[in-house]
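Student: okay, sequence plus prediction incoming.
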Amino acid sequence: MLARIARGDKAALETLYHECHARVHAFVLKRVGDPVLAAEILNDVMLTVWRQADRFAGRSRALTWILGIAHNKVLDALRRRGRDAALETLDEERYAREAGEGENTEGDAAAALAALDDAALLRTCLEGLSEAQRVVVHLAFFEDLGYAEIAEIAHCPVGTVKTRMHHARKALKRCLERASLSR
Amino acid sequence: MTEKTPTEHPDELLPWYVNATLDEADRKRVARHLEQCARCRAEIAFLSRLREQIRESSRDVPPPGELGLRRLMRDVEGLEAARKARPRRAWHVPVLAAAASVVLVVAVLVPYTLQRDAAVDMRLLGDEAVQEAGVLLQVEFVPAASEAEIRALLLEVGAVIVNGPSAAGVYRLRLEGVGGDDAAAVTRALERLRSRPDVVRHVARE
């Protein structure tokens, strides 16, 4: 498909758009939170695919390559909005410290599980994660991607993906438990 | 595989057990562990429900669909028209001159000016992350170049600014979607950047 696009085949671009635009849009929207901006970035991603399809080396799945482009576009957009991703990466230490405060007991885990049914609460807790953690959670649970593919998209080592997921799970549980206990 | 002790929970693999992306050996290892570990079974229940809810909530906002496609194809047509309309300039002479000066100036200037930035990258990202971040270029723009000219050129070659300016005004660019071993794509991007001496004073690959 990308080879056809690289040769200037617009029908192939349309087909690719139909196949992947919903997933790219969901990935971007989860991170920027603004449907209009997400649509802008999706368009920008697909234009980049059109211009640079000849650069796809075929070492990974096409979707992985496209989500990698989307990841970079989101970082650029967040940077323009003042949410510097590099600073967020530095903030991971803080999130890690917070997540590490207090281990979950089985009773807490049950409370967190029950609280998951509250969609609004879950959304609030997900928004409390760091940007880097949200990327990993979305790609693992919405896209069902393995940790190696997520590492490729997020341009980080596999160990970092696992660490981010670990801290994200802890932070989510703490948030859900707190909310359920305060009700 | 020996029976797991409580300190050997395969905790970090559980999310990928839930989304069924583990390789067969890890999948079997986790499955065997789950048979005898209530704590990890509870964690699997939590992660499975989390996955269901995330998938459900991500459908709240519909994607742009056909409207988005129409816009995309309109923009593609615009790109095509702009490309065809662009006058072909005899850029070889200034490029050769610029390229000759780049070799000298980059060799002298860049190691000095970006020494501090490079050290920062090493600390923040590590070698592996820097390599995975794609092909990096170092560029110095012409002071009189406008933001619009710089933006148009960067969009055209698919480059984004990832760092800079340094004290001497050098920026670090990343070529999007280009692998480190794709020498042809890197060369094309460098040639295009060097073909605009009115915008780019110096450019070189890191």
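Tutor: Noted; the coordinates are in hand.
Student: where does residue 104 land on pLDDT?
Tutor: Let's take chain A. For A:Asn104, the pLDDT comes out at 49.
Student: switch to chain B, that's the one I care about
Tutor: B:Leu104 is assigned a predicted lDDT (pLDDT) of 47.
Student: check B:Cys40 too.
Tutor: 92.
Student: near chain A at all, the helix or strand harbouring it?
Tutor: Here B:Cys40 sits within helix B:38-57, counting by DSSP states H and E. Yes. Against chain A, helix B:38-57 shows contacts by C-beta under 8 Å from any C-beta of the partner chain at B:38-39, B:42-43, B:45-47, B:49-51, B:53-57. For the C-beta atoms, the positions are set from N, CA and C on the backbone; glycine is no exception.
Student: from those residues, which two are the most distant?
Tutor: Greatest spatial distance in those: B:Ala38 and B:Ser57, 28.7 Å, computed using C-beta to C-beta.
Student: look at those two and report which has more neighbours.
Tutor: B:Ser57 (16 against 9; other C-beta atoms under 10 Å in any protein chain shown).
Student: which of the residues of helix B:38-57 next to chain A are buried?
Tutor: The neighbour-count test (16 or more other C-beta atoms under 10 Å in any protein chain shown) marks B:Ala42, B:Glu43, B:Phe46, B:Leu47, B:Arg49, B:Leu50, B:Arg51, B:Gln53, B:Ile54, B:Ser57 as buried among those.
Student: SS state for the residue in chain B that chain A sits nearest to?
Tutor: Proximity of chain B to chain A (C-beta to the nearest C-beta) peaks at B:Thr21, 3.5 Å away. With DSSP: H, G, I helix; E, B strand; the rest coil as the basis, B:Thr21 sits in coil.
Student: tally of neighbours for it?
Tutor: By other C-beta under 10 Å, neighbour count at B:Thr21 equals 19.
Student: do the same with B:Asp26
Tutor: Counted with other C-beta under 10 Å, B:Asp26 comes out at 14.
Student: what angle separates the helix or strand containing it from helix B:38-57?
Tutor: Using DSSP H and E, B:Asp26 maps to helix B:24-36. Going by axes from the mean of the first three to the mean of the last three C-alpha atoms, to 10 degrees, helix B:24-36 is angled at 120 degrees with respect to helix B:38-57.
Student: what about helix B:24-36, average pLDDT?
Tutor: Here the average pLDDT along helix B:24-36 is 94.
Student: helices and strands around it, which ones?
Tutor: helix B:14-18, helix B:38-57 (3 or more C-beta pairs under 8 Å, 6 or more residues apart in numbering or on different chains; DSSP states H and E).
Student: flag every buried residue along that helix.
Tutor: For helix B:24-36, by 16+ other C-beta under 10 Å, it's B:Arg29, B:Val30, B:His33, B:Leu34.
Student: CA atoms only: put that helix into PDB for me.
Tutor: Taking Å, rounded to 0.1, in the frame of the first residue of the first chain, the C-alpha atoms of helix B:24-36 are listed here in PDB:
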ATOM      1  CA  GLU B  24       4.100 -18.200  23.200                       C
ATOM      2  CA  ALA B  25       6.700 -18.900  25.900                       C
ATOM      3  CA  ASP B  26       5.800 -15.900  28.000                       C
ATOM      4  CA  ARG B  27       2.100 -16.600  27.500                       C
ATOM      5  CA  LYS B  28       2.400 -20.100  28.800                       C
ATOM      6  CA  ARG B  29       4.600 -18.900  31.700                       C
ATOM      7  CA  VAL B  30       1.900 -16.400  32.800                       C
ATOM      8  CA  ALA B  31      -0.900 -18.800  32.300                       C
ATOM      9  CA  ARG B  32       0.800 -21.400  34.500                       C
ATOM     10  CA  HIS B  33       1.400 -18.700  37.200                       C
ATOM     11  CA  LEU B  34      -2.200 -17.600  37.100                       C
ATOM     12  CA  GLU B  35      -3.400 -21.100  37.900                       C
ATOM     13  CA  GLN B  36      -1.800 -20.800  41.400                       C
END
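Student: and that helix, how far out from the chain middle?
Tutor: From the chain centre to the centre of helix B:24-36 is a distance of 35 Å (C-alpha atoms, centre = their mean, to the nearest Å).
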